[in-house]
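Enquirer: Compute the structure for the input listed below.
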Amino acid sequence: MIEDTELTQFCIGPIEPDRIFSAEEGEVAYALKSISHGTCETIEEEKKRLQSIVPVSPETLGFELDMEVDMLPFSLTTFLADKSVNGTYEYGDHAPGEKHYQEHCRFQRGDKVLCLIYEGFNAVFPAIVVEPLSEEYLRRSYTAEGWDFDNPSVDELIKNWWDWNWDSVVVRPLVRIIDCCMIPMGETVIVNRVYVFPYKKFDI
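Expert: The predicted structure is shown next:
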């Protein structure tokens, strides 16, 4: 089912100390607070609604415009707090061998960034970019960490990997967070490319 585009503001707040598994010196993670600003039916309405949000709070990481089909992003753009474009995802051709596989990321290997993650964390954390997501990385991780995605084999896992999740990068978290199932982040983490933001520290 096709849905109208939803405008969301990403804000940060203090994270509970017992959710921190480890942290490099001086590095801070944050709880994610998502504020909905309603839905838009046209591109003109999207632009108008985004620009009408003033003032932007000091706790604002950025924004997103997300149009979903069957509960997965189909067209999604993230913005910085100043409302300039951070990254854009358009559905299709992100799997290995397709034309948008490992789509260009504004951040390079070794860059220090801030990452937004849902998947049981609902958090924003600092990290170092390691590499674009690859089939080889999934194969290594499946074997090393014993992932359980209800797939009988790593080949089945790769076959079923969504286009949205192929458009991702691998990062090394500088703060490792414990998720809702009390499992800490690994030494590397997969993050959707459009949810990687420039590094900054918030005064909270």
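Enquirer: from here on, contacts and neighbour counts on C-alpha atoms
Expert: Will do.
Enquirer: Grab the longest helix from the chain for me.
Expert: helix 135-145 (DSSP state H).
Enquirer: chain center to the helix or strand following that one, what's the gap?
Expert: Going down the chain from helix 135-145, the next helix or strand is helix 154-160, by DSSP states H and E. In terms of CA atoms, centre = their mean, to the nearest Å, the centre of helix 154-160 is set 21 Å apart from its chain centre.
Enquirer: Could I get the buried residue list for helix 154-160?
Expert: Buried positions in helix 154-160, judged by neighbour count with 16 or more other CA atoms under 10 Å: 154, 157-158.
Enquirer: Kindly provide the whole-number mean pLDDT of the longest helix of the chain.
Expert: Taken as a whole, helix 135-145 has an average pLDDT of 80.
Enquirer: buried set for it?
Expert: Here helix 135-145 shows 138, 142 as buried, counting by 16+ other CA under 10 Å.
Enquirer: dump the residue contacts of Glu46.
Expert: Taking CA atoms under 8 Å, 6 or more residues apart in numbering, we find Glu46 in contact with 5, 7, 40, 65.
Enquirer: Tell me which two of those residues sit farthest apart.
Expert: Cys40 and Leu65 (9.0 Å; CA to CA).
Enquirer: nearest spatial neighbour of Phe202, skipping sequence neighbours?
Expert: Glu59 (6.9 Å; CA to CA, 6 or more residues apart in numbering).
Enquirer: pretty sure that neighbour is in contact with Pro14, am I right?
Expert: No. Here Glu59 lies out of contact with Pro14, judged by CA atoms under 8 Å, at a distance of 10.3 Å.
Enquirer: what about the strands in the chain?
Expert: Assigned strands in the chain, in chain order: 5-13, 20-23, 30-40, 60-69, 72-80, 85-90, 112-117, 123-132, 168-173, 175-177, 189-192, 196-198 (criterion: DSSP state E).
Enquirer: Dump the ones you listed to CSV, plus distance to Glu103 and mean neighbour count.
Expert: Formatted as CSV, these follow (distance: least, CA to CA, whole Å; neighbours: other CA atoms under 10 Å):
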stretch, distance to Glu103, mean neighbour count
strand 5-13, 23, 21
strand 20-23, 30, 16
strand 30-40, 26, 17
strand 60-69, 19, 22
strand 72-80, 14, 19
strand 85-90, 9, 18
strand 112-117, 17, 22
strand 123-132, 8, 23
strand 168-173, 9, 24
strand 175-177, 26, 24
strand 189-192, 11, 20
strand 196-198, 13, 22
